[in-house]
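[1] structure of the sequence below:
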Amino acid sequence: MIGVGQYSAFADAAIFEAVRTPWVDLGGSLSQVSPIDLGIKVGREVLARAGIDPLAVDSVLAGSMAQASFDAYLLPRHIGLYAGVAQSVPALGVQRICATGFELLRQAAEQLRDEVQLALCVASESMSRNPIAAYTHRDGFRLGGEVQFKDFLWEALYDPAPGLDMIATADNLARRYGLSREAVDRYACDSHQRALQAQRDGAWVEEIVAVDNQVFELEGYRPRGISLARRASAVTQDSHPRPTDLAALARLRAVHADGVQTAGNSCAVVDGAAAALVGRASACTRPALARLLASAVVGVAPEFMGIGPAPAIRLLLQRSGLNLGDIDRFEINEAQAAQVLAVAQELELDSARLNVQGGALAVGHPLAATGLRLVMTLARQLRQHNLRYGIAAACVGGGQGMALLIENPAYRA
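    Numbering: from 1, shown residues only. Next up is the predicted model:
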């Protein structure tokens, strides 16, 4: 029997609160900060914002893609401990590449079916601290032999199964769906303009926490902390959204000679962290940010990995009994412009409901943390405009797609 993906429905799960750091460009003021410390920052902040005692947390789930610090193996545990969670509470590392943020929420909602009452979900990514790595020299270097060190950040974008990088998979979709260079540039331009307008309107003020130089104390253990680069005293907003136009985007050279994807219509490379508190909706003492209704995850051909959100969304709708017309807003991660346009074309999505505040082309894509950003941004849109249902989705390197269905608990018909 051939599998059709995995679907999970949640009867009593809610996001109580969710926050993130600003997304900051590669090599910027967050570039020297360990992802563990960024995770501690948002973990502490989300608990404070929700007015919840850290000792009430029953489970810690955390994710980060890169081995961006020498103590990377300890990331989930140290985030929990330094966020003030009880020492007896276990911590689990979660990884589904670009859908890690969704997977954190899915696993937290699954845990609520057992003894867990409240889960702290944290995703943190330092793209700047991706290492220059060697995997074949544990026994030393042979005389005259090849010395092989590679840039992990660049090599991680390559899938050896089809022999393609992620940009090439988006170019494949452009050819399959008849997407021109002008079309993908136009979409990228719109994403930047929407993000700039959202930033001017203060659309992300509630979800962003300022990051400054500070120390995290833990009684009986060594202190940790944040020391910003470039002599920065604080970081308060996303750094990548910027004015652009079609003429400027058109001047950029395509990554592959026969392709449409460029640096300007692909996601920005940034550092950042996000956190969410997931608990039982029936136990929430104040209005929750969102109800978690269901998730779906599917596999697709690696050479067309960017189409993943389309079958994931179809599965989510089919099993939940909803249709596209029931969904008020979609947040689909903008890994590449051609990839998002292919998904929109495949599903016949209304552009007025898709990424209305821009997306990763303008804001950036810190791999593990993106899913949490998409969900918290979506949830606040639903609440602000009295909309009911939203879907957040992302493609996943290697050929997967994942989607999450949320509901506005304050919706009034």
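[2] tell me the contacts of the nearest residue to residue 203 once chain neighbours are set aside?
    In this structure, residue 203 finds its nearest non-sequential neighbour in residue 357, 5.5 Å apart by Cβ to Cβ, 6 or more residues apart in numbering. Every residue, glycine included, has its C-beta placed from N, CA and C. Listed by Cβ atoms under 8 Å, 6 or more residues apart in numbering, the contact set of residue 357 reads 194-195, 197-198, 203-204, 377, 381.
[3] quick one, which of the residues you listed are buried?
    The neighbour count (16 or more other Cβ atoms under 10 Å) marks 194-195, 198, 203-204, 377, 381 as buried among the contacts of residue 357.
[4] just the strands in the stretch 1-150 of the chain please.
    6-20, 24-25, 59-63, 91-93, 118-125, 132-133, 150-151 (DSSP state E, counting those that start in this stretch).
[5] what pLDDT does residue 141 get?
    Confidence at residue 141, expressed as pLDDT, is 83.
[6] before we move on, the earlier item: the strands of the stretch 1-150 of the chain: which one's closest to residue 237?
    strand 24-25 (9.3 Å; Cβ to Cβ).
[7] before we move on, the earlier item: closest to residue 25 among the contacts of residue 357?
    residue 195 (13.7 Å).
[8] which residues does that closest one contact?
    238, 241, 357-359, 362-363.
[9] secondary structure element for it?
    helix 181-201 (DSSP states H and E).
[10] do residue 229 as well
    With DSSP H and E as the test, residue 229 turns up in no helix or strand.
[11] show me what whichever strand or helix holds residue 395 is packed against.
    Element membership for residue 395 (DSSP H and E) is strand 389-396. In terms of contact count using 3 or more Cβ pairs under 8 Å, 6 or more residues apart in numbering; DSSP states H and E, strand 389-396 is assigned the packing partners helix 309-320, strand 329-332, helix 337-347, helix 370-384, strand 400-407.
[12] which one of these lies nearest to residue 39?
    helix 370-384 (11.2 Å).
[13] follow-up on the earlier one: which of the contacts of residue 195 fall in strands?
    Among the contacts of residue 195, none falls in strands (DSSP state E).
[14] among these, which one sits closest to residue 179?
    Nearest to residue 179 among these, counting by Cβ to Cβ, is residue 359 at 16.6 Å.
[15] can you tell me the closest non-neighbouring residue to the closest one?
    In space, and not counting its chain neighbours, residue 359 is closest to residue 334: 3.6 Å by Cβ to Cβ, 6+ apart.
[16] pretty sure that neighbour is touching residue 261, no?
    No: judged on Cβ atoms under 8 Å, residue 334 makes no contact with residue 261 at a distance of 11.7 Å.
[17] hang on, the earlier thing: redo the strands of the stretch 1-150 of the chain as TSV? Include distance to residue 143, mean neighbour count and mean pLDDT.
    Formatted as TSV, those follow (distance: least, Cβ to Cβ, whole Å; neighbours: other Cβ atoms under 10 Å; pLDDT from 0 to 100):
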stretch	distance to residue 143	mean neighbour count	mean pLDDT
strand 6-20	50	22	97
strand 24-25	42	22	98
strand 59-63	42	27	98
strand 91-93	39	17	98
strand 118-125	39	30	98
strand 132-133	23	12	92
strand 150-151	22	13	92
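[18] okay, those strands in CSV with distance to residue 372 next?
    Putting the strands of the stretch 1-150 of the chain into CSV (distance: least, Cβ to Cβ, whole Å) gives the following:
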stretch, distance to residue 372
strand 6-20, 6
strand 24-25, 16
strand 59-63, 9
strand 91-93, 15
strand 118-125, 5
strand 132-133, 27
strand 150-151, 26
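[19] out of these, which gets nearest to residue 179?
    strand 24-25 (26.8 Å).
[20] next one: that closest one to chain centre, how far?
    14 Å (Cα atoms, centre = their mean, to the nearest Å).
[21] please renumber so the chain begins at 30
    Yes, from this point I'll number from 30; that puts the last item at strand 53-54.
[22] show me what that strand is packed against.
    Using 3+ Cβ pairs under 8 Å, 6+ apart as the test, strand 53-54 ends up in contact with strand 299-309.
[23] how close does the residue lying farthest from the centre of the chain sit to residue 257?
    Going by Cα atoms, centre = their mean, the residue of the chain most distant from its centre is residue 172, 44.1 Å out. Here residue 172 is placed at a distance of 44 Å from residue 257 (Cβ to Cβ, to the nearest Å).
[24] could you do residue 426 as well?
    Distance from residue 426 to residue 257, by Cβ to Cβ: 30 Å.
[25] about what we covered before: CA atoms of the helix holding residue 224 as CSV?
    Provided in CSV are the C-alpha atoms of helix 210-230 (Å, rounded to 0.1, in the frame of the first residue of the first chain):
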residue,chain,number,x,y,z
ARG,A,210,11.5,35.7,-14.9
GLU,A,211,9.2,38.7,-14.9
ALA,A,212,6.5,36.9,-13.0
VAL,A,213,8.8,35.7,-10.2
ASP,A,214,10.4,39.1,-10.0
ARG,A,215,7.0,40.8,-9.8
TYR,A,216,6.0,38.5,-7.0
ALA,A,217,9.3,39.2,-5.1
CYS,A,218,8.7,43.0,-5.5
ASP,A,219,5.2,42.6,-4.1
SER,A,220,6.5,40.6,-1.2
HIS,A,221,9.0,43.4,-0.3
GLN,A,222,6.3,46.1,-0.6
ARG,A,223,3.8,44.2,1.5
ALA,A,224,6.5,43.6,4.2
LEU,A,225,7.5,47.2,4.2
GLN,A,226,3.9,48.3,4.6
ALA,A,227,3.4,45.8,7.4
GLN,A,228,6.5,47.1,9.2
ARG,A,229,5.3,50.7,8.8
ASP,A,230,1.8,49.7,10.1
